[in-house]
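Novice: Using only what follows, build the 3D model:
(2 chains)
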Amino acid sequence: MKRRAKIALAGNPNVGKTVIFNELTGSRQHVGNWPGVTVEKKSGKYTYRGMEIEVVDLPGTYSLSPYSIDEKIARDYIAEERPDAVVNIIDASNIERNLYLTVQLLEAGANVVIGLNMMDEAEAKGMEIDAKRLSEILKAPVIPMVAVKGIGFKELKDAIYEEITRHEKHRHMTVGYGKGVEKAIVSLEEDIEKCPSLRKYKNRWMAIKLLEGDKEVVKKVKGAGCERIIKRAESIREELEKRLDDGLETYFADKRYEFVDDVLGVVLVKGKGVWTFSDMLDKVVTHKIFGIPIFLSMMWAMFQFTFAVAVPFMDAIDIGFSWLADSVRAGVSNPALASLLADGIISGIGSVLIFLPNIFLLFFVLSLLEDSGYLSRAAFVMDKAMYRIGLQGKSFVPMLLGFGCNVPAIMSTRTIEDRKDRLITILVNPLMSCSARLPVYILFAGAFFVGIEGSVIFTMYLMGILLAVTMALLLRKVFFKGKPSPLIMEMPSYKMPTLKSSAIHMWENGSMFLKKAGTIIFFGVIIIWFLSTYPGGPGSDIETSYVAAIGHWVQPIFAPLGWDWKAAIALVFGFVAKEIVVGAYGTFYGIGDADEGNATLRSELQNAFTPVSAYAYMAFVLIYVPCLATIATIKAETGSWKWTLFAVGYMMGLAYIVALVITVVGHFLGFA
Amino acid sequence: MICLSDVKPGKKARIVRVGIGGPAGRRYREMGLVRGENIRLIRVAPLGDPIEIELKGYNLSLRKKEADLIIVEVME
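Specialist: Prediction:
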């Protein structure tokens, strides 16, 4: 008998799949990527009756069509890897739509075990489901569950174990598609049987997909060198479609739902449309007048929680690492080694860890909002406004978080299912002015715009928003041809989020950041350390460093904007983190511990800039390269260096153009 | 017969035709927007778009742009 087995978890979004996965595997989880794509692959293990069972959590999908990456992954895994069992989690209170996926899973030849979750909610809705009858009809085990309360796991594990160890092959339930179509399916099945390289697939499934004209399956059959089958399938399809109003694909979908209807007619007693707590909450949360104020207060609370609560932790990390660096400087006698350790490695690790409080807190609240169901309402409320600017409802949260820090903001785009919408939201996010840019604004506004600092700084934020909107529209037009993809969003009923799920979610995203973005940030800091310390070595004048050389070298580019080489070097440093720009200026003017309020620093700046060139400089700092950590996060989230470089490139270009326009217009209007 | 986007909140209707093609159309069908299906319009978002409907025992939101392409007959 087998001692090891592989199973997959499949199901619609919002059915409690994550809770079940966590409960099954506990801490024995591994997060990676599906090959070739940036979709997360979660897997884990548990042991039952002496058998080690590997669980792969498939992306939550509504169907197995290959039109989204998530669905393609789920489908390829089920149809090609053929796991020993596929555990299909169903939301019992939403059984009708959920069974559509079940039908497709059975059709694909999966050994389905059904976890009929959220039985308590179904009961609350007044629904009665005959699980035993359902199991008999589908010829698959059906286990009633209430996963959040831990009900049904023992039975589920038993059913999985039995499915894996079952000796006799059992016949799966099949949806009947009517005489004519069935004849076509059978004759195609015979053809497929003769093509040996398609053996891993279930013949009937393949035949149906070919009749549906499924492009991915057609590609696979071509790849297997069985082109003849495709031609036959096409001619059969044309023949059959003559007799149908809509295409054959619609016909199959209709028949599957008809089948689901028939099944439910036997196993389900519908409730009388009970007025649920969820409905009541929705009345308020999406109310015509109160909906938007409620949404805005939720967002404010989320923002405060993410950024304000993080401050003491970030300070502690900051102080801790400064202390560590100082101790190393004092304790290590070799100056080169001390500098490498203190300013390179320790500061590099510190630069990575400083983001963790924000990321942990953000993903904690985000998971509460998502698991509770509010995030869909937020998207519903904001969709129209965001659609206007070429984005969609779910883009709002990342844009807002951008004002705090672009790193967690970009990570929060994971809630956006549509890839294009998500990519655009990521690409324009750095234009939202993060809190690290504020010290630079305060320094320059304080030096040049006394009395109107607040208004001048406000224009920076406004400029960022306007540019983000413009770029979103432009990117959509140029790269993604027109409008955002159509919205088709489930509004799940409200659920009590569980602390365990939120904590796991928080931990996963934090460690993901460390793994993916952390290394890039760490090495980036070390490179910048090297460039600013050598060739002179530690303690040498910064003006002799490679960074200064770079500053002098790029300065001519900035000459039209009226900036000196110091300004240029400060920008190079700002590449690591925007707040370093202020510190860099302190170093240039020999002011130790300079902050944005330093009077000497301000008067020195007044000699180097005019109000116009200072304003242009502020705008440049707003727009040009987001910090190293943001670049690393863009890479981690898009999984593409191409888009990452594009982001950096367009922002540099945009920064220069905006600064130039400010300079020209400023001079034209007669400001010095 | 009217468009889904013209159905008043609280009213029930039966889908007559879903005039959305391509991959998007497939997605709408899979979510249960098929001919003969009974739906109920629940609400319109505070800004006037999108709309939320109930079908197959669950709630779904879609934009008016797509709802314009779905023909329904209102039921009393």
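Novice: got the CA positions of the helix or strand where A:Ser347 lies in CSV?
Specialist: Using DSSP states H and E, A:Ser347 sits in helix A:347-353. Coordinates of each C-alpha in helix A:347-353 appear next as CSV, following Å, rounded to 0.1, in the frame of the first residue of the first chain:
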residue,chain,number,x,y,z
SER,A,347,22.7,48.9,7.6
GLY,A,348,21.6,46.6,4.8
ILE,A,349,19.8,44.3,7.1
GLY,A,350,18.3,47.2,8.9
SER,A,351,17.0,48.7,5.6
VAL,A,352,15.2,45.4,5.0
LEU,A,353,13.8,44.8,8.4
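Novice: to the chain's geometric centre, what's the distance from it?
Specialist: Distance of helix A:347-353 from the chain centroid (Cα atoms, centre = their mean, to the nearest Å) equals 23 Å.
Novice: where along the stretch 101-250 of chain A do the strands fall?
Specialist: Here the stretch 101-250 of chain A has its strands, by DSSP state E, counting those that start in this stretch, at A:112-117, A:128-129, A:142-144.
Novice: wait, does the longest one make contact with chain B?
Specialist: No - judged by Cβ under 8 Å from any Cβ of the partner chain, strand A:112-117 stays clear of chain B, getting no closer than 14.3 Å. For the C-beta atoms, the positions are set from N, CA and C on the backbone; glycine is no exception.
Novice: swap in stretch A:284-304?
Specialist: Yes - using Cβ under 8 Å from any Cβ, we find that stretch A:284-304 touches chain B at A:286-289, A:291-292.
Novice: Could you tell me which of those residues are located in helices?
Specialist: A:291-292 (DSSP state H).
Novice: Mind putting the residues of stretch A:284-304 next to chain B into a markdown table with distance to A:Lys6, neighbour count and pLDDT?
Specialist: Formatted as a markdown table, the residues of stretch A:284-304 next to chain B follow (distance: Cβ to Cβ, whole Å; neighbours: other Cβ atoms under 10 Å in any protein chain shown; pLDDT from 0 to 100):
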| residue | distance to A:Lys6 | neighbour count | pLDDT |
| --- | --- | --- | --- |
| A:Thr286 | 42 | 24 | 90 |
| A:His287 | 48 | 15 | 90 |
| A:Lys288 | 51 | 12 | 89 |
| A:Ile289 | 53 | 8 | 91 |
| A:Gly291 | 46 | 23 | 90 |
| A:Ile292 | 48 | 17 | 91 |
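Novice: Need the max-distance pair from the residues of stretch A:284-304 next to chain B.
Specialist: A:Thr286 and A:Ile289 (10.9 Å; Cβ to Cβ).
Novice: starting at the chain centroid, how far to stretch A:529-536?
Specialist: On Cα atoms, centre = their mean, the centre of stretch A:529-536 falls 37 Å from the chain's centre.
Novice: quick check: mean pLDDT across it?
Specialist: Here stretch A:529-536 scores 86 as its mean pLDDT.
Novice: quick one: low-confidence ranges for the chain?
Specialist: I'll assume chain A. Applying pLDDT under 70 to chain A picks out residues A:1-2, A:36-38, A:168-171, A:273, A:482, A:590, A:592-594, A:672.
Novice: residue closest to the middle of it?
Specialist: A:Arg414 (1.7 Å; Cα atoms, centre = their mean).
Novice: Now do the phi/psi pair for that residue.
Specialist: When read as degrees, to the nearest 10, the backbone of A:Arg414 gives phi -60, psi -20.
Novice: And the strands in chain B, which stretches?
Specialist: Secondary structure of chain B (DSSP state E): strands at B:2-3, B:12-18, B:38-44, B:51-55, B:58-62, B:70-75.
Novice: Could you say which of those is packed most deeply?
Specialist: Greatest average neighbour count among these goes to strand B:58-62 (a mean of 23), per mean count of other Cβ atoms under 10 Å in any protein chain shown.
Novice: which outside residues touch that strand?
Specialist: A:94, A:96-97, A:376, A:380, A:383, A:486-493, B:28, B:31-33, B:42, B:45, B:50-54 (Cβ atoms under 8 Å, 6 or more residues apart in numbering or on different chains).
Novice: May I have the strands that pair with it, each with its orientation?
Specialist: Strand pairing for strand B:58-62, using DSSP bridges, gives strand A:488-490 (antiparallel), strand B:51-55 (antiparallel).
Novice: Output the contacting helices and strands for whichever helix or strand comes after the shortest one.
Specialist: To tie it back to what came earlier, the one meant is strand A:488-490. Next along the chain after strand A:488-490, taking DSSP H and E as the criterion, comes helix A:499-513. When contacts are defined as 3 or more Cβ pairs under 8 Å, 6 or more residues apart in numbering or on different chains; DSSP states H and E, helix A:499-513 packs onto helix A:17-25, strand A:29-33, helix A:356-372, helix A:406-411, helix A:628-638.
Novice: And for helix A:499-513, what's in contact with it?
Specialist: A:18-19, A:22, A:31, A:40, A:355-356, A:359-361, A:363-364, A:366-368, A:371, A:407, A:411, A:633, A:636.
Novice: Among these, name the buried ones.
Specialist: A:18-19, A:22, A:31, A:355-356, A:359-361, A:363-364, A:366-368, A:371, A:407, A:411, A:633, A:636 (16 or more other Cβ atoms under 10 Å in any protein chain shown).
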